[in-house]
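Participant: sequence and computational prediction follow.
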Amino acid sequence: MAVALIILAAGQGTRMNSDLPKVLHKIAGAPLLAHAMQAGWALEPERIIVVAGHGAELVEKAAHAHDDRAEIALQDRQLGTGHAVAQALLLLEGHEGRVIVLFGDTPFIRAETLEKLRDSAADVTVLGFHAADPDRYGRLITEGERLTGIVEYKDANEAERAITLCNSGVLAADRALLADLVGQLSNDNAAGEYYLTDVVGLAARAGRTTAVVTCPESETLGINTRAQLAAAEAAFQARARAGAQENGVTLTAPETVWFGFDTAIGRDAIIGPNVVFGPGVTVESGAEIRAFCDLEGCHISRGATVGPFARLRPGAELAEDVHVGNFVEIKNSVLDEGVKVGHLTYLGDAHVGEHTNIGAGTVTCNYDGVMKHRTEIGARAFIGSDTMLVAPVKVGDDALTASGSVITEDVPAGALAIGRAKQAVKPGLATRLMEKLRAEKARRKKEAI
Ligand code: UD1
Ligand code: CA
């Protein structure tokens with residue numbers, strides 16, 4: 001069945017007390033909006049409409065960064081969730097099939113739950129949950145199995161407020177029916193808003209079938225405050241740690257490892273204490289990340305070891321059995337099989353051939369203040385400690401650079417390059433110099449008395 005997603009993200013999120021639109025606050029390195037979009041991907045949607053209002057340009061950018069197929073429906077004034085859906089439906093005219101409405105501030109809905117909702121036979125299906133503390137959620141009014149309406153907290157009487165079956169905000173309906181129902185909404189209620197939730201009562205009264213699909217409350221967690229954002233981060237991390245362990249990953253100190261929203265780690269990988277994964281990291285089976293590493297946008301192959309204290313930035317690609325040691329930073333560089341970069345090194349915009357050894361203190365000088373340049377190092381080369389590779393520059397296969405060299409010209413295969421001042425040795429000069437200095441110090445002391 002063709003599915004169109006509508007993701008509501010026009011609100012400011014007043015209670016965040018922020019200049020940033022609420023849906024752009026992050027969990028596990030990705031905006032709330034991206035989490036909601038990611039959840040919706042499970043349904044393989046034909047169309048994805050994001051309703052934007054507050055900070056619309058920023059919201060649009062974030063939506064496109066996550067999925068360039070996303071379309072933006074502008075809602076200039078936030079007149080309610082029903083009004084927001086109406087703006088999205090304008091773009092969906094002619095769409096044959098199901099529409100699923102998600103909230104941009106509700107990041108944790110699972111694929112299985114959305115599939116149940118999509119596959120529900122009812123004309124209008126709402127995702128509900130049993131709330132431990134129903135607080136200000138909309139209440140689902142049922143008669144036996146039938147859902148007859150949703151009452152917003154502000155409009156609810158005491159008996160209705162006692163109901164604990166609550167509205168998550170997620171809803172599924174046929175596109176044409178939803179457009180018809182949304183067209184009938186009024187804002188004659190306590191908030192003076194066009195409530196999307198009123199489509200349920202309208203459908204029930206028109207003799208349409210309505211249903212509730214329920215899910216655990218943890219999935220419907222909506223973010224309204226910074227405290228809830230922090231709680232959501234903690235919940236995400238707890239699940240990610242447990243998930244990694246179930247998949248056969250060793251976490252030496254699980255509570256100190258921070259995952260990105262899309263971190264992927266293979267079986268039998270070992271992750272030491274205090275490792276932080278930003279977005280876009282993949283670690284293959286059997287690789288080891290030692291303590292205190294910061295990784296983002298990188299790939300670590302089978303058998304590789306990284307850290308302690310290493311930083312891998314976007315575009316770092318480590319082939320099998322590569323070793324990256326302490327105080328090494330790698331950005332936009334490919335390291336072929338068996339490369340060793342043990343200590344105190346920066347590699348940026350480089351390619352290093354297999355089994356090459358990079359000595360301590362090596363720096364690819366990749367930036368001239370205006371442009372970035374590439375460094376190409378061949379296979380089985382040996383880069384001596386404290387080599388400065390002034391890019392653009394190439395070092396051939398089996399070549400060697402002497403320690404302390406500043407390499408400004410290409411080094412052919414098999415060559416030895418020395419780029420440093422020649423050493424001079426003056427016999428006895430150190431002793432004579434020290435004697436002279438000590439005598440001078442004694443003279444000054446005597447003068448001062
Ligand atoms: C809504 C539901 C409530 C449910 C709760 C679950 C309605 C009327 N109420 O209430 O039943 O229990 O969510 O969290 O739907 N938005 C727009 N444009 C608008 C208004 C809202 O895009 O004009 C977006 C917001 O940015 C947000 C989402 O819709 O992402 C929900 O809006 P919000 O105002 O938070 O709804 P609640 O009052 O929480
Ligand atoms: Ca809300």
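Facilitator: Everything's here; your move. Ligands and ions are numbered 1, 2, ... in the order given.
Participant: skipping adjacent residues, who's closest to Arg98 in space?
Facilitator: Val3 (5.1 Å; C-beta to C-beta, 6 or more residues apart in numbering). No exception for glycine: its C-beta is placed from N, CA and C like everyone else's.
Participant: give the contact list for the one you found.
Facilitator: Neighbour list for Val3: Leu43, Glu44, Pro45, Glu46, Gly97, Arg98, Val99, Ile100, Arg118 [criterion: C-beta atoms under 8 Å, 6 or more residues apart in numbering].
Participant: could I have the buried ones of those residues as PyMOL selection syntax?
Facilitator: To isolate the buried members of the contacts of Val3 in PyMOL, using 16 or more other C-beta atoms under 10 Å:
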select buried, resi 43+45+46+97+98+99+100+118
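Participant: can you tell me which two in the contacts of Val3 are farthest apart?
Facilitator: By the measure C-beta to C-beta, the contacts of Val3 have their two most distant members at Glu44 and Val99, which lie 14.5 Å apart.
Participant: returning to what we had before: same list, the contacts of Val3, but as CSV with pLDDT, distance to ligand 1 and secondary structure please.
Facilitator: Below are the contacts of Val3 laid out as CSV (pLDDT from 0 to 100; distance: C-beta to the nearest ligand atom, whole Å; DSSP: H, G, I helix; E, B strand; the rest coil):
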residue, pLDDT, distance to ligand 1, secondary structure
Leu43, 95, 19, coil
Glu44, 96, 23, coil
Pro45, 97, 18, coil
Glu46, 97, 21, coil
Gly97, 94, 22, coil
Arg98, 96, 19, strand
Val99, 97, 15, strand
Ile100, 98, 14, strand
Arg118, 95, 19, helix
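Participant: hang on, the earlier thing: any idea how far Leu33 is from the residue nearest to Arg98?
Facilitator: Taking C-beta to C-beta, to the nearest Å as the measure, Val3 falls 18 Å from Leu33.
Participant: can you check Gly82 too?
Facilitator: Applying C-beta to C-beta to Gly82 and Leu33 gives a distance of 20 Å.
Participant: compare these two (neighbour count), which wins?
Facilitator: A count of neighbours by other C-beta atoms under 10 Å puts Leu33 above the other of Gly82 and Leu33, at 29 against 21.
Participant: how about that one: what's its closest non-neighbour residue?
Facilitator: Using C-beta to C-beta, 6+ apart and skipping the chain neighbours, the partner closest in space to Leu33 is Val23 (4.1 Å).
Participant: the one you found - that's part of a strand, no?
Facilitator: No: looking at Val23 with DSSP: H, G, I helix; E, B strand; the rest coil, it is helix, so not inside a strand.
Participant: quick one: residues contacting it.
Facilitator: Ala9, Gly13, Pro31, Leu32, Leu33, Ala36, Val59, Ala62, Gly104, Asp105.
Participant: cool, and Thr209?
Facilitator: Contacts of Thr209 (C-beta under 8 Å, 6+ apart): Ala121, Ala122, Asp123, Val124.
Participant: from those, which ones fall inside strands?
Facilitator: Val124 (DSSP state E).
Participant: what subset of the contacts of Thr209 is buried?
Facilitator: For these, buried by 16+ other C-beta under 10 Å: Ala122, Asp123, Val124.
Participant: now do Glu449, the pLDDT please.
Facilitator: You called it Glu, but residue 449 is Ile. Note on Ile449: pLDDT of 84.
Participant: what is the burial count for it?
Facilitator: The burial count for Ile449: 4, using other C-beta under 10 Å.
Participant: quickly note the distance from it to Cys293.
Facilitator: In terms of C-beta to C-beta, Ile449 sits 59 Å off from Cys293.
Participant: got the residues of the stretch 1-150 of the chain near ligand 1?
Facilitator: 8-11, 51, 75, 78-81, 83-84, 103-105, 137-138, 150 (C-beta under 6 Å from any ligand atom).
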